[in-house]
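Asks: Pasting the sequence and the predicted model now:
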Amino acid sequence: MRHLKEKDPKRLREAIKPPDASEEPELQAIIKSFSRTVSTAQGIAVPKTVGINALFEVNRKIATQKPSMPFSSFIGEDTLKKYRGVWEQLLCYIYCMQKDKRFEEAKPSYQFTHQQEDAFSALVRAVDDIRDKTEEAGRLGSQGSQESQESRES
């Protein structure tokens with residue numbers, strides 16, 4: 001936590017607040033995508049999909065010891081909510097420190113590696129592309145319904 005040592009705790013807490021969708025649509029989209037990914041992974045990480053041997057390997061903690069139980073993707077709803085909350089805070093923090101100019105003075109002293117920077121940039125570009133396509137589809141859909149209504153009125 002050395003990189004946070006001389007940072008303002010109040011500003012850091014602001015950086016992990018859930019985003020306002022109207023102010024930070026990119027971050028909101030990243031969080032929603034993460035949530036869908038977790039849900040999908042939970043549904044896939046079951047014996048009938050990946051096999052019991054794979055689940056034993058996923059649960060391996062020490063490379064030289066065979067795990068005693070297979071991995072279980074089932075967790076209680078309360079636990080899942082807490083885990084997602086922590087991950088959302090982490091995603092908010094990373095996003096704010098990398099993209100949000102309001103946190104310029106609170107930026108940590110660490111830096112992304114080139115690979116991390118490239119991956120983060122690719123994530124933001126992908127979210128922007130999806131948002132652009134969604135907005136375009138919405139515009140086209142509303143134009144089509146408007147044209148349909150006009151043709152019925154004539």
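Replies: Sure, I can see it.

Asks: and the helix or strand residue 40 falls within, average pLDDT?
Replies: Secondary structure assignment for residue 40, by DSSP states H and E: helix 25-44. The pLDDT scores in helix 25-44 average 92.

Asks: For the helix or strand following it, which residues meet the burial criterion?
Replies: Where DSSP H and E defines the elements, the next helix or strand beyond helix 25-44 is helix 47-50. Using 16 or more other CB atoms under 10 Å as the test for burial, helix 47-50 gives residue 50. (C-beta placed from N, C-alpha, C; glycine too.)

Asks: any idea of the mean pLDDT in helix 47-50?
Replies: Mean pLDDT, computed over helix 47-50, is 94.

Asks: what's it packed up against?
Replies: Helix 47-50 sits against no helix or strand, with contacts defined as 3 or more CB pairs under 8 Å, 6 or more residues apart in numbering; DSSP states H and E.

Asks: again, only using 10 Å
Replies: Contact here means 3 or more CB pairs under 10 Å, 6 or more residues apart in numbering; DSSP states H and E; on that basis helix 47-50 packs against helix 52-58.

Asks: Now do the lengthiest helix in the chain against helix 25-44: the angle between them, please.
Replies: In terms of residue count, the longest helix belonging to the chain (DSSP state H) is helix 114-153. If you take axes from the mean of the first three to the mean of the last three CA atoms, to 10 degrees, helix 114-153 sits at 100 degrees to helix 25-44.
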